[in-house]
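In: need the 3D shape of this:
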Amino acid sequence: MSDLCARLHREFQQSPVFSFPFEDSAIPLNGIYVLYEAGETAHGGNRIVRVGTHTGKNQLRSRLKQHFVNEQKDRSIFRKNIGRALLNRDKDPFLIQWEIDLTTSEAKRTHGPAIDRAKQSAVEHMVTEVIQKRFHFAVFRVDEKDKRLELEARMIATISRCEDCGPSQQWLGLHSPKTKIRNSGLWLVNELYGEPFSETEFIDLERVVRQSQKGEHGNPMDH
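Out: Alright, predicted model coming up:
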């Protein structure tokens, strides 16, 4: 997997890299993103620390804002995992409350009154600061949902299986309470160690990425 992972990283070295704040118009409506993190390198460039996509139609921009802007950790597992690592690193007992998912009405009734809202807001702000200052990303356009999910899974598996692609000793994820994050070097717990790209599938990925880079599907605002 090391060779394919190196080729995967090199493929995105040719892509524009975005950081916060980013212009909506520069982001396709549908696609896949790869996240980079300050201080993390691999294969001669930035190390991919997360691969993600979206399921709803035309929701890529919204998904990125859920990570970078919206302070609602239960709407972004990435935000939740950053908060987990920060709290665990600091041995902060609020980690117990941070784990509680308050997205349902029942959960809000059951657990809401016990949540320290001021502390939660402070942690959300801290997570936002870390993400906006330390993370940047590349994107490529994939309009079909099934195709997005398939490519995302293959990309994650290819990176997680690479023996030459790992975190630095200072990587924040090493403080995560999630074993899969610490062991994989990725801000992910799903699709790890699944089926990686075959050579034929990787060539198809290259085609899709390069079409996106060239804008061969037209202006993203047109769809």
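
In: what packs against the longest helix seen in the chain?
Out: Taking DSSP state H as the criterion, the chain has its longest helix at helix 117-134. Under the contact criterion of 3 or more Cβ pairs under 8 Å, 6 or more residues apart in numbering; DSSP states H and E, helix 117-134 touches strand 31-42, helix 60-68, helix 77-89, helix 95-98. Using the backbone N, CA and C atoms, a C-beta is placed for each residue, glycine as well.

In: give me the most central residue, the protein.
Out: Arg50 (3.9 Å; Cα atoms, centre = their mean).

In: that one bridge partners, please.
Out: The partner list for Arg50 in beta bridges (DSSP bridges) reads Leu35.

In: quick check: the gap between it and Glu129.
Out: Between Arg50 and Glu129 the computed distance is 18 Å (Cβ to Cβ, to the nearest Å).

In: my guess is Glu37 meets Val49, correct?
Out: Yes - contact criterion Cβ atoms under 8 Å: Glu37 and Val49 qualify, at 4.7 Å.

In: worst-scoring helix or strand of this protein, pLDDT-wise?
Out: Least confident helix or strand, the chain: helix 105-111 with a mean of 87, by mean pLDDT, DSSP states H and E.

In: list the contacts of it.
Out: Identification of contacts with helix 105-111 by Cβ atoms under 8 Å, 6 or more residues apart in numbering yields Ile100, Asp101, Leu102.

In: most neighbours out of these, which is it?
Out: Leu102 (18 neighbours; other Cβ atoms under 10 Å).

In: next, the buried residues of stretch 3-22.
Out: Leu4, Cys5, Ala6, Leu8, His9, Glu11, Phe12, Ser15, Phe18, Phe20, Phe22 (16 or more other Cβ atoms under 10 Å).

In: flag whichever of those scores worst on pLDDT.
Out: For these, the model is least confident at Ser15; its pLDDT is 88.

In: from the contacts of helix 105-111, which is closest to Lys57?
Out: Nearest to Lys57, judged by Cβ to Cβ, of those is Asp101 at 25.1 Å.
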